[in-house]
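**Q** Quick one, structure for this:
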Amino acid sequence: MRNSTLRLLHYWWPLALGWSLTVVVERATGRAPDRDGLLVLLAGIAAAYSLDRLVDPPATADAPWLRGLLAAAAATAALVGIVAACRLPLQTSVLLPLLGAASMLYPRLKRRLATKALLLPLAWTWAAAALPFNDGSWFGWHVLQLPVTTPLLLLLSAGCVLCDLKDEAADRATGVASLPALLGRPAALGVATVLIVAAATVATLEHRSAVALGAAALGISTLSPALLATEAAGPLLVDVILTLPGVLIATRLV
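**A** Numbers count the residues shown, from 1 in each chain. Sure, this is the predicted structure:
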């Protein structure tokens, strides 16, 4: 039961990460998030990650009650997201088929290095900025002009690399092209560290102290690679750290 609870927390923590990203973007833009756009974002995250765990379960199978809960959550979140999406502006809603396709194909896309390390962080950043902060631009492309976009992309990319550490042996055995499987753990940690330093540097230059502190915390976590490589606990730690910037802003610590 305890292990299943830890897994469920790991599976659904991305909801907190999605909230955190919107808080960071809100601080950067000075705009309050649109309620329907935020609901679509969070519902999409819940549906995508619940479905991913059903389609691509861990090596040690989840308990039946957990799989039933994930199925119910995926269906409910999809329904809520569709209802909320009907209230979005057309310019923003045209982005949804692309994000939906990425969610459906995620179990397959994450097996490729480029899509896992590059496209996934881009999708996260784009969705978190374009959906809750729809500004009338088609596909929300104006998010690319936000200064905070670059450090967030770098930080999320580093997080993706670190989350792959737990699957190094399995990925190598099944031919999944993750950085740890291709280059080994030390090299993957080196790449993640470079991305973290770059994120911290850009965030500091842009006076985004919350993002810089999040990068510093993620950098400290690389000193415990064995913990990061632990199933469920490692990726959960990474996601919790990536949520830190939003928490610091929301609690007015920065």
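**Q** got the contact list for Val161?
**A** Applying Cβ atoms under 8 Å, 6 or more residues apart in numbering to Val161 gives the contacts 117, 179-180, 188, 191-192, 195. All C-beta atoms are positioned from the backbone trio N, CA, C, and that covers glycine.
**Q** Could you work out the most separated pair of the residues you listed?
**A** Greatest spatial distance among these (Cβ to Cβ): Pro180 and Leu195, at 14.2 Å.
**Q** Return the residues in contact with Cys163.
**A** Contact partners of Cys163, counting by Cβ under 8 Å, 6+ apart, are 234-235, 238-239.
**Q** helix or strand for it, which one?
**A** If you go by DSSP states H and E, Cys163 is part of helix 149-163.
**Q** And for Ile45?
**A** Per DSSP H and E: helix 35-55 holds Ile45.
**Q** Would you mind measuring from the closest residue to Leu155 other than its chain neighbours to Leu96?
**A** Counting by Cβ to Cβ, 6 or more residues apart in numbering, Leu155 lies nearest to Ala199, which is 4.2 Å off, once chain neighbours are set aside. Ala199 is 28 Å from Leu96, where distance means Cβ to Cβ, to the nearest Å.
**Q** Compare those two (neighbour count), which wins?
**A** Neighbour totals were compared for Ala199 and Leu96, and Ala199 leads with 28 against 18 (other Cβ atoms under 10 Å).
**Q** Surely the more buried one and Gly159 touch.
**A** No. Ala199 is not in contact with Gly159 according to Cβ atoms under 8 Å; the separation is 9.9 Å.
**Q** Which positions in stretch 149-162 come out as buried?
**A** For stretch 149-162, a neighbour-count test (16 or more other Cβ atoms under 10 Å) marks 149-162 as buried.
**Q** among the contacts of Cys163, which ones are buried?
**A** So, of those, 234-235, 238-239 end up buried under the neighbour-count rule (16+ other Cβ under 10 Å).
**Q** quick one: which of the residues you listed is nearest Arg31?
**A** Closest approach between the buried ones among the contacts of Cys163 and Arg31, by Cβ to Cβ: Asp239, at 25.4 Å.
**Q** from the middle of its chain, how far away would the host helix or strand of that closest one be?
**A** For Asp239, the enclosing helix or strand under DSSP H and E is helix 233-250. With Cα atoms, centre = their mean, to the nearest Å as the basis, helix 233-250 stands 10 Å off its chain's centre.
**Q** now do stretch 82-94
**A** Stretch 82-94 has its C-alpha centroid displaced from the chain centroid by 22 Å (Cα atoms, centre = their mean).
**Q** Likewise for stretch 45-58?
**A** Relative to the chain's own centre, stretch 45-58 is displaced by 13 Å; criterion: Cα atoms, centre = their mean.
**Q** what about the helices in the stretch 1-150 of the chain?
**A** Under the criterion DSSP state H, counting those that start in this stretch, the stretch 1-150 of the chain contains helices at 2-12, 14-29, 35-55, 64-85, 90-93, 96-109, 113-114, 120-130, 149-163.
**Q** Just confirm Trp126 contacts Gly140, I think it does.
**A** Yes. The criterion here is Cβ under 8 Å, and Trp126 meets it with Gly140 at 6.7 Å.
**Q** which among the buried ones among the contacts of Cys163 gets closest to Thr222?
**A** Nearest to Thr222 among these: Val238, at 10.0 Å, using Cβ to Cβ.
**Q** which ones are touching the closest one?
**A** Counting by Cβ under 8 Å, 6+ apart, Val238 touches 159, 162-163, 218, 221, 228.
**Q** For Pro225, see how far away it is.
**A** From Val238 to Pro225 the distance is 12 Å (Cβ to Cβ).
**Q** Most neighbours among the contacts of Val161, please name it.
**A** Of all the contacts of Val161, the highest neighbour tally under other Cβ under 10 Å goes to Ala192, namely 29 neighbours.
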